[in-house]
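> have a look at this prediction, sequence included:
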Amino acid sequence: MDNTVRLTVAQALVRFLGAQYSERDGVEQRLVTGVFGIFGHGNVCGVGQALLEDQVAFEEGIDSGRYAVRPGAADVDPLDHGHLPYLLVRNEQSGVHAATAYARSLERLQVMAVTASIGPGSTNMVTGAALATTNRIPVLLLPSDQFASRIPDPVLQQLESPQTLDTAVTDCFRPISRFFDRITRPEQLIPSLMNAMRVLTDPADTGAVTIALPQDVQAEAYDWPVAFFAKRVWHVARPVPEPAALARALDTIRSAKRPLLVAGGGVVYSGASESLRDLASATGIPVADTHAGKGAINWDHPSAVGGLGSTGSAAANALARRADVIIGVGTRYSDFTTASHSIFAAPDVRFVNINTLGFDAAKHGATMLLADAKEALTALTAGLAGWSVDPTYRQEAIDLDAAWQREVDACYHRGHGPLPAQTEVFGALNELMGPEDVVINAAGSMPGDLQCLWRASTPVQYHVEYAFSCMGYEIPAALGTKLALGQDHQVVAIVGDGTYQMLPMEIATMVSEGIKVILVLLQNHGFASIGALSESRGSQRFGTRYRMRRGGAGGRLDGPEVPFDLAANAASWGADVLRCNGIEEFRANFVKALAADRTTALYIETDLVGPNPPGSAWWDVPVAQVSTLESTQRAFGEYLAEKAAQRPYL
Ligand SMILES: Cc1ncc(C[n+]2csc(CCOP(=O)(O)OP(=O)(O)O)c2C)c(N)n1
Ligand SMILES: [Mg+2]
C-alpha cells in the first residue's frame, strides 16, 4: 500500500480518536476528548505508551512553537491539536461513570474513553457500561485482554476455561454494550473504530461502545493507510417525521380532551426545550417530566406540572390518571414513570410516542412518530396551529400545579427537628443554586424527593441518573460534569451515606486535577429509601441501618450507630469539609462552598425517617405471598389491592 504510516495498534487508536469530530446544527467539535484510566500490565505498554507519545508530541509542539498560542490566551487548548489528555482515576467503574456524566452533560455530542488493564481492571467497568447503556449515553470503553497469541497462557488475571480458549472476561461486555469488538489482528481496528464512532454518534441506539484489546496486539505494529487518520466528521442526525406518521399523530392529538405531554431525556439530548415550550404554550397541553427530562420545561412555565409517576407530583399524577392521550417525547417509560403501569388509568387512554428509537416509540401500542424530538415537536406545533385544549382543562392543570407548589414550599421549609428533613436541604440548594448550576444524584431516597420537589429552570440543572440508579455514581459524575461544563457552572453532588461508602475515591482525582465541585454529604446512618420500602412492605427495615451487631454472632444490626466519620473520611481524600449543624448553618456554609476554589464537602445529619414528600402513586415491588410474619401478611393484602390497578396499555 502506498502512503502508509507504521504505528502500533494503540498508537493508531490514539491518533484516530484525535481526528474524530461530531457535528450537529452546524457546530463541529472533537468527538472523543480524553481518556480516563488506570494502567496495569494489560495496557501500560500498549495504550499507555501511545498516550505518552501523544502527550510528548503535544508538549513538543508547544515548545517548538508549532502550536501558536494566541496572544493573551492563558494556555493552549489541547483539543485543537488532536491531543487526547489522560486522566488517572482511582477506580475503573467510577472512570466510566465520569465519562457517562460527561457525555450526558454535553447532549451526547462529545464523549470520553476509558482504558483498563486486563482482568479486574476491565471487569470493574462492567457496572459503568451497563449504566451508560441503560441510560443511552455514549462512552468508549477500552478494556484489555490476555495475549491473542496465547503463548504465555495463562497470564496473570486471565480467566481460563477448559472448554474453549476463545473466551475472556471482557465477553461480559457483549450484552451490555451497543457495539462490542475484540481486536485480534491489527487491521481489524479499522472497521472496528468506524463502527464505534457510528454508535457513539447514533441518536437512536447508543450506549457503551467496547473495544477489547489483547495486550500483545496493542503493542503490535502495522502499516496503516494515512487516510485512516484524516479528520472525519460524524454528523449527528435529526430525523424528520414521516408525513403520514405525523398526520396520524396530529389526528390522535386533535381528538384528545385531556392530553398530557411526558418529557423524557430525548428532549434534553435533542436540545428541544424551546420547541417543547412552544408546543405547550401554543396548545395549553400540560407537561410532566421524567428524571432524564426534568428541566426540559422550566418548572414555572404555565404548562409545567412536575415529575410524573411513583415519585411524581400530585399534580402530574392527577392529570395522568384521567388523561386520554399521552404524548411521550424521548421517554423509555420506566416503571417509575408509569407507576408500574398504573398511573394512566383512563380506560381508553392512547399514546403518541416521539422517539428516534423504534423500540421506545412502539411502547404501549402507541401511534409512533420516529423522529428527533426537536423536529417532531416543531412539526406538531405547526400542525396543531389554531388548536388548543379547553381553557377549563388548562386552568385545572394550573390550579393543580399551584396546589403542589405549596406542598413543595412546605417540604423546603419544614423546620423539622431535632435533625432536619432532607427536603429542607434540597430547598436550601434549590434556592441558592443558579439556573445553570447542576445538581447530581442517582440512588437512595433522594431521587424520589428531587423528582417531585426540585424546581428546575433548565435541563442542565437536573442531573439525576435514574435509569440504572447506581449507588456511587454521584461523586465520579460530579467530576465528569465539571470537566464537561467548566468554570461557569457550579456542580453539586448530593451523596447519601450509603452511596458515599460505595465509591468516594474520585475526590482524590478531583484534588489532583484541581477540579472544584461541591459535595453534599447526607448522613442518616442507613438506607432511608430501602428502609422505608422495607417497612411499607412488611419487612420491618431489616438490614437497612448502619448499626453495630448487638449481642455478637446471631444478633441483629440494631446496636449503636457505627462510629464512621463521613466528614473526616472526605477530608482524608483531600476535600475541604464544612460540618453543618442544622439547616441555617448549611445555608451559610453552602454560600462559602460556592465561593471556594477547591472541592468542598458539606456534611449534615438528616432524619432517617423523614418527613417525606406526600406520595401519590404506586411502585410494584412484590411482597412475599406467604409468611409467618404478621407485618408481611398485612403488606401482601395491601399489595394485592394496589396491583389491581396495574394493566397493559394496548
Ligand atoms: C450499586 C447499588 N447497590 C444497591 C442499590 C439498592 N439501593 C438503592 S438505595 C440504597 C440505599 C442508599 O443509601 P444512602 O445512600 O444512604 O441513601 P438513603 O437511602 O439513606 O437516602 C440501596 C442499597 C443500588 N441502587 N445501587
Ligand atoms: Mg442514608
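Happy to help now that I have it. Numbers count the residues shown, from 1 in each chain. Ligands and ions are numbered 1, 2, ... in the order given.

> element containing residue 403, please.
helix 391-412 (DSSP states H and E).

> name the residues that touch the next helix or strand after that helix?
Note on helix 391-412: by DSSP H and E, the next helix or strand toward the C-terminus is helix 422-432. If you take C-beta atoms under 8 Å, 6 or more residues apart in numbering as the criterion, helix 422-432 is touched by 411-416, 439, 445-446, 449-450, 453-455, 492, 494, 520, 522, 524, 528, 583, 586-587, 590-591, 594, 604, 606-607, 611-613. Where C-beta positions appear, they are placed from N, C-alpha and C, glycine not excepted.

> which residues are in contact with residue 603?
Going by C-beta under 8 Å, 6+ apart, residue 603 touches 521, 523, 566, 567, 570, 577, 578, 579, 580.

> does it count as helix, strand or coil?
strand (DSSP: H, G, I helix; E, B strand; the rest coil).

> next, find the distance separating it from residue 612.
Look at residue 603 and residue 612: by C-beta to C-beta, to the nearest Å, they are 22 Å apart.

> could you list the low-pLDDT ranges of the stretch 501-650 of the chain?
For the stretch 501-650 of the chain, no stretch has pLDDT under 70.

> just the helices in it please.
In the stretch 501-650 of the chain, the helices defined using DSSP state H, counting those that start in this stretch lie at 506-513, 528-536, 566-572, 583-595, 630-643.

> deepest in the core, which of those is it.
When you average the neighbours per residue for each of the helices of the stretch 501-650 of the chain (mean count of other C-beta atoms under 10 Å), helix 506-513 leads with a mean of 21.

> could you pull out the helices in the stretch 351-500 of the chain for me?
358-361, 373-383, 391-412, 422-432, 446-453, 474-485, 497-502.

> so which of those is nearest residue 287?
Of all the helices of the stretch 351-500 of the chain, helix 391-412 sits nearest to residue 287, with 9.1 Å by C-beta to C-beta.

> elements contacting that closest one?
strand 304-307, helix 314-322, helix 422-432, helix 446-453 (3 or more C-beta pairs under 8 Å, 6 or more residues apart in numbering; DSSP states H and E).

> what about the first one, distance to the chain center?
So that's strand 304-307. Strand 304-307 has its C-alpha centroid displaced from the chain centroid by 20 Å (C-alpha atoms, centre = their mean, to the nearest Å).

> still on that earlier bit, so which of the helices of the stretch 501-650 of the chain comes closest to residue 315?
Here helix 630-643 is closest among those (C-beta to C-beta), at 21.1 Å.

> may I have the phi/psi pair for residue 42?
Backbone dihedrals for residue 42, given as degrees, to the nearest 10, come out at phi -80, psi -20.

> actually, residue 110.
Dihedral angles (degrees, to the nearest 10) for residue 110: phi -140, psi 150.

> let me know the secondary structure of the closest residue to it other than its chain neighbours.
In space, and not counting its chain neighbours, residue 110 is closest to residue 33: 5.4 Å by C-beta to C-beta, 6 or more residues apart in numbering. Following three-state DSSP, residue 33 is assigned to strand.

> and residue 33, how far is that from residue 112?
For residue 33, the distance to residue 112 equals 6 Å [C-beta to C-beta].

> these two - which one has more neighbours?
Shown here are residue 33 and residue 112; by other C-beta atoms under 10 Å, residue 112 has more neighbours (28 against 23).

> picking up where we left off before, within reach of ligand 1, which of the contacts of helix 422-432 are there?
Contacts with ligand 1 are made by 445, 446, 524, 528 out of the contacts of helix 422-432, judged by C-beta under 6 Å from any ligand atom.

> please name the nearest non-neighbouring residue to the last one.
With C-beta to C-beta, 6+ apart as the criterion, residue 528 has its nearest non-adjacent residue at 3.9 Å, and that residue is residue 445.

> wait, doesn't that neighbour sit right on residue 613?
No. With contact defined as C-beta atoms under 8 Å, residue 445 and residue 613 do not form a contacting pair (10.1 Å).

> tell me the SS of residue 165?
In three-state terms, and counting by three-state DSSP, residue 165 is coil.

> the helix or strand bottoming out on mean pLDDT in the chain: which residues count as buried?
Using mean pLDDT, DSSP states H and E, the weakest-scoring helix or strand in the chain turns out to be helix 47-63, at a mean of 93. Of the residues in helix 47-63, 47, 48, 49, 50, 51, 53, 54, 55, 58, 61, 62 count as buried by neighbour count, 16 or more other C-beta atoms under 10 Å.

> now swap in stretch 235-248 and tell me
Of all the residues in stretch 235-248, those buried under the rule 16+ other C-beta under 10 Å are 236, 238, 241, 245, 246, 248.

> ok so, going back, following element in sequence after the least confident helix or strand of the chain, please.
Trace forward from helix 47-63 with DSSP H and E and the next one is strand 86-88.
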